[in-house]
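Colleague: next comes the sequence, and after it the predicted model I'd like to discuss.
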Amino acid sequence: MSRIIAGFIIAVSFLPIRNKVETIIDKVFFKEKLEYFQSLHNLSQILVTILDLKKLIETIVKNISQIMKVENICLLLKDDETEKYQVKSYIGFNDQIKRKKLTIKSELVNLLIYEKTAVIKNTLIEQNINNKFSNVINQMQQFESEIVIPFFYNKQLIGILSLGQKKSGDIYSMDDIQVLTLLASQSGISIQNALLYKKSLIKERMERDLQIGAEIQKYFLPQKIEKIKDLDIDTHYSPAEFIGGDYYDIAKMGKNKYGIIIVDISGHGSSAAIVMSVISFIFHSVIERIKGTSELMAILNKRLHDRLQAEKYATGIFIIYDSSNGRFEYTNAGHHNLILYKKSKDKIIELKGGKGMPIGVFKDSKYKTGKFTLKRRDILLLQTDGVYEAMNNKHEQFSIDRVKNEILKYKDSSPDKLNKRIINRIIQFRGDRSQQDDITLITIKKVI
């Protein structure tokens, strides 16, 4: 009995000390918890302010690493082009971690999509009956993962956060998992916003570059049409994009001779525009010394083939007009036939001579020449396929026949008015369907 009484006395004597210790422990624990949740709250507020993708993911990784006190951590984002999840930011790894990827068909990815919540390695090990989760566990071990958190946006898995062991050796608590899940939800939105912002910047930069390219391209097209006393000439050019792949020009070749060229480069956009600039350079470098249309086409063909190795080609027509005798000579390199309205017969014919292969396809292609004359009020039309292949919502093409009908309908109009009529008719025909190809028209009318 005396021993029990003595023990009771000792316990009572140390009770104040124990209470003080417990109070100190509670305060320390509460302070740590308070700092823990305060740090998470601060991070959640920071995330919504960052639009730079690189800075955002580095902020997520750095702050979660500090808050959770982990040995290693990495964040993988989905690359839509490769359809793989790639490491974009990491702490506690060497640079080799950047080479590791997860495919959209990997077991870990499929499990995250199915579970839509955190995947814990120890839980998988406990449930790994008949090696059901062996592949998932192996994939987690590649990233030294103890827990992986999915980042979803609009039901799509856009990112994966992998956390290694805590420095303390403690396991992840339910509080940790709940907080990480909430952060992942907000991070998914922030990452998607940053991705959209990045895409908008890229698009804006591209559009600005294309606008600059379009301005530069204008210098390769004629700034003004060469005046020819007995011909009325009008041109129309409208690219399908900022930068086009059609080319035309009218240049003086000597006292009485003029060169008229129209070219349609395969494709459109930047690559076609580069070919267009090459053709323009070649055309102006040789125009004053060539003697015939077939000679120019042969030069263009050889030089284009040498530079592009048939990766790009072009169709085109080159005409030489001699104002001293009113004769036209032409060569057609795989282009649509010239359209000629004969006033005396009130009918339209297609000029089918002077044929040759498209330029740039075969190095040693041979080109022929054709000849014709224009009489007063005759009309000659050169066009690229964006004119007659313009399509409406029923997938019908504008067609050569409709072009001819417009010429017959407005045969007494000036080339300027005729071109406007044709273009307006194409726009009306297309309806709300957008322009799919570059459009170029050269209309020539004999006035004397």
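Modeller: Perfect, thanks for sending it.

Colleague: where along the chain do the helices fall?
Modeller: Ranges of helices in the chain, per DSSP state H, are 2-47, 53-68, 107-115, 121-126, 134-142, 174-218, 270-286, 293-308, 385-388, 399-409, 415-430.

Colleague: now those helices in CSV, with mean neighbour count?
Modeller: C-beta here means a position set from N, CA and C on the backbone, and glycine is covered the same way. Formatted as CSV, these follow (neighbours: other C-beta atoms under 10 Å):
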stretch, mean neighbour count
helix 2-47, 11
helix 53-68, 19
helix 107-115, 17
helix 121-126, 14
helix 134-142, 16
helix 174-218, 15
helix 270-286, 19
helix 293-308, 20
helix 385-388, 22
helix 399-409, 16
helix 415-430, 17
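
Colleague: which of those has the lowest average pLDDT?
Modeller: Mean pLDDT is lowest for helix 2-47 among those, at a mean of 50.

Colleague: before we move on, the earlier item: for the helices of the chain, which one sits closest to residue 94?
Modeller: Closest approach to residue 94 among the helices of the chain is made by helix 134-142 (13.7 Å; C-beta to C-beta).

Colleague: you'd agree residue 386 is up against residue 440?
Modeller: Yes. The criterion here is C-beta atoms under 8 Å, and residue 386 meets it with residue 440 at 7.1 Å.

Colleague: got any residues that touch both of those two?
Modeller: 246, 264 (C-beta atoms under 8 Å, 6 or more residues apart in numbering).

Colleague: thinking again about what came up before, could I get the helices of the chain as TSV with distance to residue 255?
Modeller: Converted to TSV, the helices of the chain look like this (distance: least, C-beta to C-beta, whole Å):
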stretch	distance to residue 255
helix 2-47	74
helix 53-68	64
helix 107-115	75
helix 121-126	88
helix 134-142	79
helix 174-218	29
helix 270-286	18
helix 293-308	18
helix 385-388	33
helix 399-409	32
helix 415-430	24
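
Colleague: how about those helices, which one is nearest residue 166?
Modeller: helix 53-68 (6.6 Å).

Colleague: got the angle between that closest one and helix 174-218?
Modeller: With axes from the mean of the first three to the mean of the last three C-alpha atoms, to 10 degrees defining the directions, helix 53-68 sits at 170 degrees from helix 174-218.

Colleague: so how far is helix 53-68 off the chain centroid?
Modeller: 30 Å (C-alpha atoms, centre = their mean, to the nearest Å).

Colleague: kindly export that helix (C-alpha atoms) in PDB.
Modeller: Listed next in PDB are the C-alpha coordinates belonging to helix 53-68 (Å, rounded to 0.1, in the frame of the first residue of the first chain):
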ATOM      1  CA  LEU A  53       4.200  28.200 -68.100                       C
ATOM      2  CA  LYS A  54       7.800  27.600 -67.200                       C
ATOM      3  CA  LYS A  55       7.700  29.900 -64.100                       C
ATOM      4  CA  LEU A  56       4.300  28.300 -63.100                       C
ATOM      5  CA  ILE A  57       5.500  24.700 -63.000                       C
ATOM      6  CA  GLU A  58       8.700  25.600 -61.300                       C
ATOM      7  CA  THR A  59       6.700  27.500 -58.600                       C
ATOM      8  CA  ILE A  60       4.500  24.400 -58.100                       C
ATOM      9  CA  VAL A  61       7.400  22.000 -57.800                       C
ATOM     10  CA  LYS A  62       9.500  24.300 -55.500                       C
ATOM     11  CA  ASN A  63       6.700  25.200 -53.100                       C
ATOM     12  CA  ILE A  64       5.300  21.700 -52.800                       C
ATOM     13  CA  SER A  65       8.800  20.400 -52.200                       C
ATOM     14  CA  GLN A  66       9.300  22.800 -49.400                       C
ATOM     15  CA  ILE A  67       5.800  22.300 -47.800                       C
ATOM     16  CA  MET A  68       5.900  18.500 -48.000                       C
END
